[in-house]
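*Asks:* Starting from these lines, generate the structure:
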Amino acid sequence: MKFTKTILSAALMGLVTFTSQINAQELVGWNLHTPDNPNGQAMEFFAQAVEGATEGRHTAKVFHNGLLGDQTSAIEQINIGGVDWALFSSGALSDTVEGFKVTSLPYIFSSKEHMFKVVDGEIGQQLSDMLASANMIALGWFDAGARSFYTAEKPILSPEDAKGQKLRVPNAQMFVAMAEAIGANATPLAFAEVYTALQTGVVDGAENNPPSVVSTRHHEVVKHYALDEHLMVPDVLVMSRTVWDSLSAEDQARVAEAGKQAAQMQRELWIEDEVAAMKAIEAQGVTIHKIEDKSGFMSAMDSVYDEMVTSDTVRELITAVRAVK
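*Replies:* Numbers count the residues shown, from 1 in each chain. Predicted structure coming up:
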């Protein structure tokens, strides 16, 4: 009889486990980057952390390399339920949530430390709350580096140096306005065309963060990298608010903590990649220029702010960001 009860008990336990696995919800994650990129590694960490935090009640899988569509498509999918969590550029979210425009303005952040103090604090929470209209909640803010100008011949150490230079920029209003504000000829080009354009002189320069300069091999065809750091646009790890609201309060707390840990991991990995990239750029023979006084660049951006900032919401956020010390 005792043996029969033991077998029955084991069977019931197996049934509970099996039922739990059947009912477990797999959360679909979207990532534009490769799995070995700091972003990809941090997202894999988050996926595993979600499963552990919810004791298997939820599993999470990341689809890397933009496999489920481009960023615009993924933002739409998370709103309708096709994607459950994702890593987006905060700048890309500005078309959906106006307040996010503040994170992609030139020189809005005085340093990387300032940026993280802003997004990890009350302003970051305010931006997360704004995401509710797009069925999202922010769980962590990732480092996407600082974008600076690199050129084939003449370094851009001040706005005067940019005058007349043909600079490749993404095909976006803000990038065009920024290049024109310093007197350059803004030249929108597809990312895949930039290497050849630099090599053949179709453009005189471009702009990006150090790891991207190396991964695209652009450091092979330029001579100067001037660290004006005109843009610091963080990435944001988001989850569908529909999914979030379906979690218990305890699971929400655990998932939120997993998001913070993933962000911290990504930031540390990003620094390692950034240091390695700078060494590779220098080893290639590119002259790296550190710009101590960026006031000329910052003043030149007044026209960009006049053009891009058209709402009281963004104006109020700009004031709040600048007040953070």
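*Asks:* And stretch 197-210, how far out from the chain middle?
*Replies:* 22 Å (CA atoms, centre = their mean, to the nearest Å).
*Asks:* quick one: buried residues of it?
*Replies:* Across stretch 197-210, burial judged by 16 or more other CB atoms under 10 Å covers 197, 198, 203, 204, 205, 206, 207, 208, 209, 210. All C-beta atoms are positioned from the backbone trio N, CA, C, and that covers glycine.
*Asks:* tell me the domain ranges of the chain?
*Replies:* What automatic domain parsing lists as the domains of the chain is 20-144+234-275, 146-232+276-323.
*Asks:* Spatially central, which residue of this protein would that be?
*Replies:* Centroid-nearest residue in the chain, with CA atoms, centre = their mean: residue 235, separated by 2.0 Å.
*Asks:* quick one: that residue from residue 78, how far?
*Replies:* 15 Å (CB to CB, to the nearest Å).
*Asks:* burial measure for residue 271, as a count.
*Replies:* The criterion is other CB atoms under 10 Å. On that basis, residue 271 has 14 neighbouring residues.
*Asks:* ok, back up a step: go ahead and confirm the residue nearest to the centre of the chain touches residue 145.
*Replies:* No. With contact defined as CB atoms under 8 Å, residue 235 does not count as touching residue 145 (10.0 Å).
*Asks:* rewinding a little: want to throw the domains of the chain into JSON lines with mean pLDDT?
*Replies:* Shown next, in JSON lines, are those (pLDDT from 0 to 100):
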{"stretch": "domain 20-144+234-275", "mean pLDDT": "94"}
{"stretch": "domain 146-232+276-323", "mean pLDDT": "97"}
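*Asks:* Which ones among the buried residues of stretch 197-210 lie within strands?
*Replies:* 205, 206, 207, 208 (DSSP state E).
*Asks:* Just give the number of residues close to the residue nearest to residue 107 when sequence neighbours are not counted.
*Replies:* Of all residues not flanking residue 107 in the chain, residue 298 sits nearest, at 4.8 Å (CB to CB, 6 or more residues apart in numbering). If you count neighbours by other CB under 10 Å, residue 298 ends up with 15.
*Asks:* same check, this time on residue 26
*Replies:* Residues near residue 26, counting by other CB under 10 Å: 12.
*Asks:* re the thing from before, may I have the beta-bridge partners of the residue nearest to the centre of the chain?
*Replies:* The partner list for residue 235 in beta bridges (DSSP bridges) reads residue 89, residue 142.
*Asks:* Give me the residues contacting the biggest strand by length in the chain.
*Replies:* Determined from DSSP E, the single longest strand within the chain is strand 224-232. Residues outside strand 224-232 that contact it (CB atoms under 8 Å, 6 or more residues apart in numbering) are 104, 106-109, 112, 115, 144-151, 153-157, 178, 207, 210, 213, 219, 281, 286-291, 294, 297, 301.
*Asks:* Can I get that strand in CSV? Just the C-alpha atoms.
*Replies:* Provided in CSV are the C-alpha atoms of strand 224-232 (Å, rounded to 0.1, in the frame of the first residue of the first chain):
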residue,chain,number,x,y,z
HIS,A,224,40.9,60.9,-38.2
TYR,A,225,38.4,60.2,-35.5
ALA,A,226,37.4,63.3,-33.6
LEU,A,227,35.6,62.6,-30.3
ASP,A,228,33.0,65.3,-30.3
GLU,A,229,30.5,62.8,-28.9
HIS,A,230,27.5,64.7,-30.3
LEU,A,231,25.0,62.0,-29.6
MET,A,232,24.5,59.5,-26.8
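*Asks:* so what strands line up beside it?
*Replies:* strand 146-151 (antiparallel), strand 287-290 (parallel).
*Asks:* what about burial for the contacts of strand 224-232, which qualify?
*Replies:* Those of those that meet the buried threshold are 104, 106-109, 112, 115, 144-151, 155-157, 178, 207, 210, 213, 219, 281, 286, 289, 291, 297, 301, by 16+ other CB under 10 Å.
*Asks:* Check which element follows whichever strand or helix holds residue 304 along the chain.
*Replies:* Using DSSP states H and E, residue 304 maps to helix 302-308. Next helix or strand after helix 302-308 toward the C-terminus (DSSP H and E): helix 312-323.
*Asks:* so where do the helices sit in this structure?
*Replies:* Along the chain, counting by DSSP state H, helices occupy 2-23, 38-53, 71-80, 112-119, 122-130, 159-162, 173-181, 194-200, 210-215, 241-246, 249-283, 295-300, 302-308, 312-323.
*Asks:* And the last one, what's buried?
*Replies:* Read it as helix 312-323. Neighbour-count burial for helix 312-323 [16+ other CB under 10 Å]: 314, 317, 318, 321.
*Asks:* quick one, it and helix 122-130 angle?
*Replies:* Orientation check (axes from the mean of the first three to the mean of the last three CA atoms, to 10 degrees): helix 312-323 against helix 122-130 gives 160 degrees.
*Asks:* for the longest one, same thing?
*Replies:* Relative orientation of helix 249-283 versus helix 122-130 (the same axes, to 10 degrees): 120 degrees.
*Asks:* Tell me which other helices or strands helix 249-283 touches.
*Replies:* Helices and strands touching helix 249-283, by 3 or more CB pairs under 8 Å, 6 or more residues apart in numbering; DSSP states H and E, are helix 38-53, strand 136-142, helix 210-215, strand 235-240, strand 287-290.
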